[in-house]
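J.: below are the sequence and a predicted model for it; my questions follow.
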Amino acid sequence: MEYAIGITAAVAIGLFATAVGFDKERGFYPVVLIVIAALYLLFAVMAESTGSLVAEVIPALLFVAMAVIGFRKTPWLVVAGLALHGVFDFFHHAVIANPGVPVWWPGWCLSYDVVAAAYLAALIVVRRPAPAA
C-alpha cells in the first residue's frame, strides 16, 4: 500500500508543481531532494538517537551535494540523486539502524523518489529547447 501511495503522491505533487509553475524554477527539484535527504535526520532526532543522527549525516550530505551541483550544473544530476535516494531507501535498513524510521517509510519513499526522478527526467526532455535551424 505504501508503494501505491508514494507513486500517487509523486505524480500528484509533480502535476501540481507543473500546474502552478513551481517546477519552472531551477531550484524546485533540488530543494525536493534536500528535503527528502533531511527526513532521515528528522527520524533520528525524533527517536532521540544520536548514533543514528551521526550515521545519517553522511548520506544526507551526499544527496545535498548532488542537489547543489545539479542546481548549478545540470538537472540530470538531480534526477540521478532522486533515483539514487530511492535505491538508498531500499538498502537503508541494512546500512543504518534508525529506530525513528516508520515501518512503511522505505517503500513509500522509494516509490516517491523513483517516480519524482522519472517525472523530472520527462520535464527535462519535454522542455529541452529546439536546436537552432
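T.: That came in fine, so what should we check first? Because the structure is a prediction, the values reported are computed rather than measured.

J.: could you pull out the helices in this structure for me?
T.: Listed from the start of the chain, the chain has helices (DSSP state H) covering 2-20, 28-46, 50-72, 75-95, 105-126.

J.: what would these look like in CSV with mean pLDDT and mean neighbour count?
T.: (Glycine included, C-beta is placed from N, CA and C.) Listed next are the helices of the chain as CSV, based on pLDDT from 0 to 100; neighbours: other CB atoms under 10 Å:
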stretch, mean pLDDT, mean neighbour count
helix 2-20, 96, 15
helix 28-46, 96, 19
helix 50-72, 97, 16
helix 75-95, 95, 19
helix 105-126, 96, 19
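
J.: excluding covalently adjacent residues, which one is nearest to residue 56?
T.: Across the structure, with CB to CB, 6 or more residues apart in numbering as the measure, the residue nearest residue 56 apart from its sequence neighbours is residue 40 (4.6 Å).

J.: isn't that neighbour up against residue 99?
T.: No. Proximity of residue 40 to residue 99 does not meet the contact threshold set by CB atoms under 8 Å, at 11.9 Å.

J.: what does stretch 113-127 rub up against?
T.: The set of residues that contact stretch 113-127 without belonging to it, under CB atoms under 8 Å, 6 or more residues apart in numbering, is 6-7, 10-11, 13-14, 18, 23, 29, 32, 36, 75-76, 78-80, 82-83, 85-86, 89.

J.: then stretch 35-44?
T.: Applying CB under 8 Å, 6+ apart, the set of residues contacting stretch 35-44 is 50, 52-53, 55-57, 59-60, 62-64, 67, 82, 85, 92, 96, 98, 100-102, 105, 109, 112-113.

J.: CA atoms only: put it into PDB for me.
T.: Listed in PDB are the C-alpha atoms of stretch 35-44, where the atom choice follows Å, rounded to 0.1, in the frame of the first residue of the first chain:
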ATOM      1  CA  VAL A  35      14.100  17.800   2.000                       C
ATOM      2  CA  ILE A  36      13.900  14.100   1.200                       C
ATOM      3  CA  ALA A  37      17.500  13.600   2.400                       C
ATOM      4  CA  ALA A  38      16.800  15.600   5.600                       C
ATOM      5  CA  LEU A  39      13.900  13.400   6.600                       C
ATOM      6  CA  TYR A  40      16.100  10.500   7.800                       C
ATOM      7  CA  LEU A  41      17.800  13.100  10.000                       C
ATOM      8  CA  LEU A  42      14.400  14.100  11.400                       C
ATOM      9  CA  PHE A  43      13.600  10.500  12.100                       C
ATOM     10  CA  ALA A  44      16.800  10.100  14.100                       C
END
